[in-house]
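Novice: Got a predicted model here, sequence first, then my questions.
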Amino acid sequence: MEAINKQSFRERMEAYQKNPLSLFLAVLVVLSAIITLTVLVALLVYILAKGIPNLKPELFEWEYNTSNVSMMPAIINTITITVLSLLFAVPAGICSAIYLVEYAKRGNKLIPIVRLTTETLSGIPSIVFGLFGYLFFDIYLDWGYSILGGALTLSIMILPLIMRTTEEALQAVPDAYREGSFGLGAGKLRTVFRVVLPSAVPGILSGVILAIGRIVGETAALLYSAGTAAQVADGLFSSGRTLAVHMYALLNEGLYMEQAYATAVILLVMVVCINALSSFIAKKAGVKA
């Protein structure tokens, strides 16, 4: 094995000598990977070093006040908004992608318009979505700052992401799967939901993971739609802050810097746990498919 490795290394070096541009590109790729990894590790070490010593039991009390600066209401609100946003966005995004890939006829003029619209929405700053949520849900519908308004605003924001990832996952499913299903006598609807969609589940879940990360880390859109009330929301039409908004508020006040770092640690742990769980589900779904 060692002799094979030495031989392959020698062959690569000879190839690099013949083509210096390949050596330059290889060094550039390795250097980029090292820089990215270094920045990531430095960021994690900084957050953990600043936040872990400030994690105290009073930060997890049920009610928030100026003495404990509890983040528990923000954790509950974060989970609530995340679940509501996914309930609204995931079915709509998946069904839209299924229509575009499986049902829309080729040459349909509607498809380029929908794709252009989704790509445009993906590039809009989140604060614009927040202003829309404020004007439509809070003012026009007279909901005020509410968990429901924030969840609907975020669902609109992540809808293009789920649509595009689902569409790409469906397009990656080989046509032989569809042809085999049709050949066995299955209809279009049965083929889509029993053959194509299960095969695309890992790709779809990847988009959902990205959407969850964007929801959990969002602040601008929620400042205008859900508000910043430091309490557990009494209902869907009550105001409440998420962990990201809670951390922003603490940093903005400048009085609770230590608690803000502790909140950053919990936010980081929450995102990692959600991503790990989603990745585990995606792998299991991929094996079953």
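Specialist: Ah, there it is.

Novice: Go through the helices and strands of this structure and name the one with the lowest mean pLDDT.
Specialist: Least confident helix or strand, the chain: helix 2-18 with a mean of 57, by mean pLDDT, DSSP states H and E.

Novice: can you give me the end-to-end distance of stretch 234-248?
Specialist: This stretch, stretch 234-248, spans 22 Å end to end (C-alpha to C-alpha, to the nearest Å).

Novice: Buried ones in it, by neighbour count?
Specialist: Neighbour-count burial for stretch 234-248 flags 238, 239, 240, 241, 242, 243, 244, 245, 246, 247, 248 (criterion: 16 or more other C-beta atoms under 10 Å). Any C-beta I mention is one placed from the backbone N, CA and C, and that applies to glycine too.

Novice: With stretch 253-262 instead?
Specialist: 256, 258, 259, 260, 261, 262.

Novice: returning to what we had before: C-terminal to the least confident helix or strand of the chain, what's the next element?
Specialist: helix 20-51 (DSSP states H and E).

Novice: Which elements pack onto that following helix?
Specialist: Contacts defined by 3 or more C-beta pairs under 8 Å, 6 or more residues apart in numbering; DSSP states H and E place helix 20-51 against helix 2-18, helix 257-288.

Novice: and the last one, how far out from the chain's middle?
Specialist: Averaging C-alpha positions (C-alpha atoms, centre = their mean, to the nearest Å) puts helix 257-288 11 Å from its chain's average.

Novice: now the angle from that helix to helix 20-51?
Specialist: Angle, helix 257-288 to helix 20-51, by axes from the mean of the first three to the mean of the last three C-alpha atoms, to 10 degrees: 130 degrees.

Novice: So which other helices or strands are in contact with helix 257-288?
Specialist: Secondary-structure packing of helix 257-288 (3+ C-beta pairs under 8 Å, 6+ apart): helix 20-51, helix 72-98, helix 197-216, helix 243-253.

Novice: angle of the third one against helix 257-288?
Specialist: What that stands for is helix 197-216. Taking the same axes, to 10 degrees, one finds helix 197-216 and helix 257-288 inclined to each other by 180 degrees.
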